[in-house]
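1. Sequence and computational prediction follow.
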Amino acid sequence: MLNYLGFKNTVNIRQKTTQLKTPPVPFEEITIPYLRKREYRSSLGQLNEIERNSNYTSFLTSYSSDGLKINGLLTKPTVDMPKGGFPAIVFVHGYIPPTQYQTLEKYKDYVDYLAKSGFIVFKIDLRGHGSSEGIPGGGYFGADYVIDTLNAYAALESSSFVNKKEIGLWGHSMAGNVVLRSMAVKPTIPAVNIWAGAVYTYVDLSEYGINDQSYRPAQTTIAGITRNRRQEIFAKVGTPSATNIFWRLVAPASFLNDIQGAIQINHAIDDTTVDIRYSDNLNLLLNNTSVPHEFYKYPTGGHNISGSSFDLAIQRTVIFFNKYLIKRF
């Protein structure tokens, strides 16, 4: 039977996750307890208008994360600003080969629907993607993308036109892990929406894998030597397992009991890239917590939940954010 860590018969569900101690081992910086000790502070750069329609205006802008300039597309509703500011969503993209990523070409339909539904949408270009500064570090074996997400959140919090109490996260595929880890770091985030997400216990990655032919492992080059970060971490701290405390401190599933917001999961059964069992197992873990959550399966739509499934999934996403982000229902 799965417990709250996603492992079998190892820890009682009533154990306080916050009692887990960060071990004195390499790569401590990617663990949730370490990330909780960091400060996230940023602000939006200049808004450069690129499009205007009857529902919203789009801008190219940027913010700072780890001293890097991270770019993004921000949409702002054309209606009068509500008292306290607009509700907002930090929109985090899934894995796309960084050299192929372009700000204005990806997720256009997703952003359009959320934007015309009255939300500020901040679709960020994670470091190393598009013209964002930095090296793409990979979604699962580093903390860079979580840091970029939480600094984007902080940039919206500091904006004069965003309601700082009404900021949520949306993530697709790889970003399912990124946004859930971000929520584990900042448990007060009111609402997180995941589409076709992957990797919540880290044991699940070894069980189900990810079938993305475009994927290339994140590598760094130091002194002319190319290094695979995942292999380096495995060599020093071991592979994810039910008894490896390091991976329990990295896995967002270890910290579900700390979460104060709500989670919605959307996944197509015919997804051949990310196995739907990732979402099945996350939902089972959430069932053993007090976290408000919703799980929707779609018979078709593939990894992007496209076609008629997209229409239903995006409608449910808006309803979810209305309910838990701005408490409209």
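-> Nice, I can see it. Numbers count the residues shown, from 1 in each chain.
2. What residues of stretch 80-93 count as buried?
-> Within stretch 80-93, the residues scored as buried using 16 or more other CB atoms under 10 Å are 85-93. C-beta: built from backbone N, CA, C; applies to glycine.
3. All the helices of the stretch 151-300 of the chain, in order from the start?
-> Counting by DSSP state H, counting those that start in this stretch, the stretch 151-300 of the chain has helices at residues 174-185, 203-208, 229-237, 245-250, 277-287.
4. most neighbours per residue, which of those helices?
-> helix 174-185 (a mean of 28; mean count of other CB atoms under 10 Å).
5. Any idea which helix or strand in the chain has the lowest mean pLDDT?
-> strand 219-222 (a mean of 49; mean pLDDT, DSSP states H and E).
6. And the buried residues of stretch 80-93, which is closest to Val250?
-> Val92 (18.0 Å; CB to CB).
7. What does the pLDDT read for the closest one?
-> On the pLDDT scale, Val92 is placed at 98.
8. if I look at it, how far off is Ala184?
-> 15 Å (CB to CB, to the nearest Å).
9. before we move on, the earlier item: of the buried residues of stretch 80-93, closest to Glu39?
-> The closest of the buried residues of stretch 80-93, once distances to Glu39 are taken by CB to CB, is Val90, at 17.6 Å.
10. how about the closest one, secondary structure?
-> strand (DSSP: H, G, I helix; E, B strand; the rest coil).
11. That one bridge partners, please.
-> Per DSSP bridges, the residues bridged to Val90 are Phe122, Leu169.
12. residues contacting it?
-> 122, 124, 149, 152-153, 156, 167-170 (CB atoms under 8 Å, 6 or more residues apart in numbering).
13. Greatest separation within those residues: which pair is it?
-> Ile124 and Gly168, at 13.8 Å, using CB to CB across these.
14. More neighbours: the two, which one.
-> A side-by-side neighbour count of Ile124 and Gly168, using other CB atoms under 10 Å, places Ile124 first with 30 against 26.
15. give me the element the nearest residue to that one once chain neighbours are set aside is part of.
-> Distances taken as CB to CB, 6 or more residues apart in numbering put Gly72 closest to Ile124, at 4.1 Å, once the chain neighbours are dropped. Using DSSP states H and E, Gly72 maps to strand 68-77.
16. Strand partners (parallel or antiparallel) of that strand?
-> In the sheet, strand 68-77 lines up with strand 56-65 (antiparallel), strand 120-124 (antiparallel) (DSSP bridges).
17. Comparing the ones you listed, which stretch has the densest surroundings?
-> Ranked by mean neighbours (mean count of other CB under 10 Å), the strands paired with strand 68-77 are led by strand 120-124, with a mean of 27.
18. okay, how far is it across stretch 111-128, tip to tip?
-> 21 Å (CA to CA, to the nearest Å).
19. tell me the mean pLDDT for it?
-> 97.
20. Which of the residues in it are classified as buried?
-> For stretch 111-128, by 16+ other CB under 10 Å, it's 111-128.
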